[in-house]
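J.: here are the coordinates; sequence isn't available:
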Ligand SMILES: Cc1ncc(C[n+]2csc(CCOP(=O)(O)OP(=O)(O)O)c2C)c(N)n1
Ligand code: SF4
């Protein structure tokens, strides 16, 4: 079932399907001053999306509505509002089973309502892309950014990336489809950001030309059959898969789960070639290194500027991909550090936990500062935590 | 489009499972008038099943699969329950995703197939138990109808949750003592066929599967109407002989008893005027085609 390449041909909106690498790295970029939500729209305009399913929840409602406008303009194959996030994620699954490129957005309580679907997406190898614009999870009622939900999505089998800026968002949404649709990967992708901080603030973003689009999804390059009866029907399994006390079914399920994790690992090379690596580093030869993801990276950068003014040099690791997790990269980047600070916008410190789990001498990890429930993280708070450790420890290792 | 779609590489022919070879040679794909009478003569798209011996769900499955107007362009959506033990053996593409979300899955699927094949008909048929359709998935069942999604929903109503061992379901009769209904079910059988009609289904049928010819007609109507007019709903009594304490041979009698005129599965068919006109038109076209074939031969 080989599909002929459509690169160089025009879609119904006159956009030219362009080789992804050309689109990302060679095409002329034009700066635009946009909110994060508008950036999502601009990425989807160029993403050749077949089906988008929407449901309102702050702070992603605006993006979901803007994609509706794109549908009205003819850039998206179909668009609908589902009845709940559980239904939305199921509708996305149905569309992906049917061979469509699928997009949706969600946040906070909606993400959790949808939850049963995420491991199912991964298990069914559906390369759906969901934007998670993180927000606090009730109760008490909260609509502010809080990244607790990323910690909860990490073990679903999906690829998970955490965008710092609107520019990351624009690039990663487009690159994300290319990575997640590789036959050796073929997994769903959650592109996360810290709601409001990214979705509702304006930033200058360098956009690729609006008359170029990603090549369409080819469902026949999938490791599982596309559900369209275009290839010979198969009995999916010869034996009932849920029968208990059946060694084969245990083995099938167990090896399938391992295969999903292996597929996630295989995405590394594709992420590296498109996103330039799973992490980005600055000055990591210093005694103190900040490891962060999302907008905590920006706050870390500001803190580093303040510390530099005092004459203290601090390194920075920006974690872009959380799944696959950059285990080796983080080991290397923190090898010289005496203290590793992990500032986070959540109360549990899941990133600190992840970092601690993979490095040697993990008592170097200081899981601080944490802000939660939508509070901002002034760089001074990071500086203060660093000061505390240096002062208290007089150069010796101390827990914050 | 016919069974030409399925070809076996000649080199692999002798090592293919026998039922796969049967399907290639004897499938009724592309056969206009396929129906339940092909069962046993031609490939009926299901070889074996792992339901309890004598479970009426297995009959229902066979009749339905034999009645699909275009299995070569049909995708089925199932749900967790006894039916999910059969789906792995069904020779049309089918999706098992979760429990209760079948109409949401079908919604996305139908839309994707419409985007991908704008000039071809792809039928989508949902088939799930009463727990999936009427309890956990009711919201998604109804919303698909409100939205007028063009696919058929079939509910295997065994009046309880069979796969988890016989718990109360919304379609269970009032007063029935079941697991999790220790003093008897407190409320009436949910009137989903009526709700389906009010929710916008163009064709609704409530019946048993005791008469294969009738099942065939209903399924064909339901799939054809869903293609052109709007959502359709078929509720079939497929008693869980295990949980109501019947022998393997007693399923058929149980259905016959419950379809008597005053009983809860007396045949009831609702068809909208638009759907009626559409079916009449289809029938007229079929007759005209048959007549012209006869004329061409003579
Ligand atoms: C979210 C969720 N809740 C509960 C279950 C357990 N479960 C599996 S099958 C089933 C009952 C199925 O009943 P029904 O839909 O009537 O189908 P039947 O088995 O009677 O054919 C339940 C409750 C599940 N799989 N998923
Ligand atoms: S448990 Fe009941 S419904 Fe399920 S297969 Fe057995 S008889 Fe049929």
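T.: Looks like it arrived, so ask away. In this text the structure is predicted, and so the values were computed from the model without any measurement. Ligands and ions are numbered 1, 2, ... in the order given.

J.: Wait, residue A:377 touches residue A:341, no?
T.: No: between residue A:377 and residue A:341 there is no contact under CB atoms under 8 Å: 11.9 Å. Every C-beta, even on glycine, is put in place using the N, C-alpha and C of the backbone.

J.: Do a quick rundown of the helices in the stretch 51-200 of chain B.
T.: Assigned by DSSP state H, counting those that start in this stretch, the helices in the stretch 51-200 of chain B fall at B:56-67, B:102-116, B:130, B:138-146, B:192-198.

J.: Out of the ones you listed, indicate the one that is most buried.
T.: Mean neighbour counts were compared across those using mean count of other CB atoms under 10 Å in any protein chain shown; the top stretch is helix B:102-116, at a mean of 29.

J.: Run the angle between it and helix B:138-146 for me.
T.: Interaxial angle, helix B:102-116 versus helix B:138-146 (axes from the mean of the first three to the mean of the last three CA atoms, to 10 degrees): 40 degrees.

J.: Could you pull out the buried residues of stretch B:260-270?
T.: Going by neighbour count (16 or more other CB atoms under 10 Å in any protein chain shown), the buried part of stretch B:260-270 is B:264, B:265, B:270.

J.: which of those residues lies closest to ligand 2?
T.: For those, the closest approach to ligand 2 (CB to the nearest ligand atom) belongs to residue B:265, at 15.7 Å.

J.: returning to that earlier point: and which of the buried residues of stretch B:260-270 is nearest to residue B:123?
T.: When these are compared for distance to residue B:123 (CB to CB), residue B:270 wins out at 20.8 Å.

J.: Would you tell me what helix or strand that closest one is located in?
T.: strand B:268-271 (DSSP states H and E).

J.: who does that strand touch, helix- and strand-wise?
T.: Other helices and strands packing on strand B:268-271, by 3 or more CB pairs under 8 Å, 6 or more residues apart in numbering or on different chains; DSSP states H and E, are helix B:192-198, strand B:203-208, helix B:212-228.

J.: so which of these gets nearest ligand 2?
T.: Nearest of the helices and strands packed on strand B:268-271 to ligand 2, taken as CB to the nearest ligand atom: strand B:203-208 at 14.1 Å.

J.: Report pLDDT for the residue nearest to residue B:44 when sequence neighbours are not counted.
T.: Leaving aside its chain neighbours, residue B:44 sits nearest to residue B:66 (4.8 Å; criterion: CB to CB, 6 or more residues apart in numbering or on different chains). On the pLDDT scale, residue B:66 is placed at 95.

J.: My guess is residue B:66 contacts residue B:27. True?
T.: No: judged on CB under 8 Å, residue B:66 makes no contact with residue B:27 at a distance of 11.1 Å.

J.: Give me the common contacts of the two.
T.: residue B:45 (CB atoms under 8 Å, 6 or more residues apart in numbering or on different chains).

J.: Could I get the pLDDT score of the residue of the stretch 101-250 of chain B found nearest ligand 1?
T.: Nearest residue of the stretch 101-250 of chain B to ligand 1: residue B:129, at 2.1 Å (CB to the nearest ligand atom). At residue B:129, the pLDDT value in this model is 98.

J.: Count the neighbours of it for me.
T.: Per other CB atoms under 10 Å in any protein chain shown, the neighbour tally for residue B:129 reads 32.

J.: show me the contacts for it.
T.: B:79, B:81, B:82, B:83, B:155, B:156, B:157, B:158, B:161, B:162, B:163 are the contacts of residue B:129 under CB under 8 Å, 6+ apart.

J.: tell me, which of those residues make contact with ligand 1?
T.: Of the residues in the contacts of residue B:129, proximity to ligand 1 by CB under 6 Å from any ligand atom holds for B:81, B:82, B:83, B:156, B:158, B:161, B:162, B:163.

J.: quick one: which of those is nearest chain A?
T.: Ranked by distance to chain A (CB to the nearest CB), those are led by residue B:163 at 9.0 Å.

J.: How much space separates that closest one from residue B:130?
T.: Using CB to CB, to the nearest Å, residue B:163 is found at 11 Å from residue B:130.

J.: Repeat that for residue A:382.
T.: Going from residue A:382 to residue B:130 by CB to CB gives 57 Å.
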